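Participant: Task: produce atomic coordinates for the following.
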Amino acid sequence: MRDGSLEERFSRREATAYEAAFLAFGARMQTTALRILRDPDAARECVQEVFEGLWRRGHSYSPARGALEAFLVTCARNAALTSLRAGRRRRQTEQHLDVDDRYTMEEDPIERERVARALAQLTEGQADVVQLAYYKGMTLSEVATELAIPIGTVKGRLSAALRALRRTLVVGEPA
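Facilitator: Predicted structure coming up:
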């Protein structure tokens, strides 16, 4: 199969083209992700998420704009960088929490009740996402799988929930 025909089929979102693109370029994508993430399992997962995202949400690939391989490798690189940044933020948050663990919500019943009231004002979907992500420590991908919803929906609900909680807990406004 010529790359041109694969590129055309991929741009038309033909299912067989995704499989062929994975077979042709998946190893290069994984190598790119591995250089960034330094974890073979994370690199494999990154490449799978790239293809899944391109299939579900569509893509902006056009053969006129360049080679399919370059497009896919760039997608893998960007996804790996996003994953790496998210992991750093998570570690920084965990380190911050470890440093400040001498005072926790469990020790302050008034603060615990205040947070519980703020959480009760969220929509059910928002509360579910917060519960799984923050109290159960799940990644956003794991939350999406657990709730059987797209990751974009998880991100949107979490963002809205955090804005509402910030308004309630920091500013003192009702959610």
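Participant: What are the contacting residues of stretch 5-18?
Facilitator: For stretch 5-18, the surrounding residues in contact (CB atoms under 8 Å, 6 or more residues apart in numbering) are 20-21, 24, 51, 54-55, 58-59, 61-63, 67-68. Where you see a C-beta, it was placed from the backbone N, CA and C, and this is true even at glycine.
Participant: So for it, what gets flagged as buried?
Facilitator: For stretch 5-18, burial by neighbour count (16 or more other CB atoms under 10 Å) applies to 6-7, 9-11, 17-18.
Participant: tell me how far the ends of it are from each other?
Facilitator: By CA to CA, to the nearest Å, the extent of stretch 5-18 from end to end equals 12 Å.
Participant: how's this protein carved up into domains?
Facilitator: Listed domain ranges for the chain are 3-94, 105-171 (source: automatic domain parsing).
Participant: still on that earlier bit, need the contacts of stretch 5-18 in CSV with pLDDT, distance to Asp108 and neighbour count, can you?
Facilitator: Putting those into CSV (pLDDT from 0 to 100; distance: CB to CB, whole Å; neighbours: other CB atoms under 10 Å) gives the following:
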residue, pLDDT, distance to Asp108, neighbour count
Ala20, 94, 58, 17
Ala21, 94, 54, 23
Ala24, 95, 57, 15
Phe51, 92, 46, 18
Leu54, 89, 46, 19
Trp55, 85, 47, 12
Gly58, 79, 48, 9
His59, 79, 48, 16
Tyr61, 86, 52, 19
Ser62, 85, 56, 12
Pro63, 87, 60, 17
Ala67, 91, 58, 14
Leu68, 92, 56, 22
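Participant: Many thanks, have a good one.
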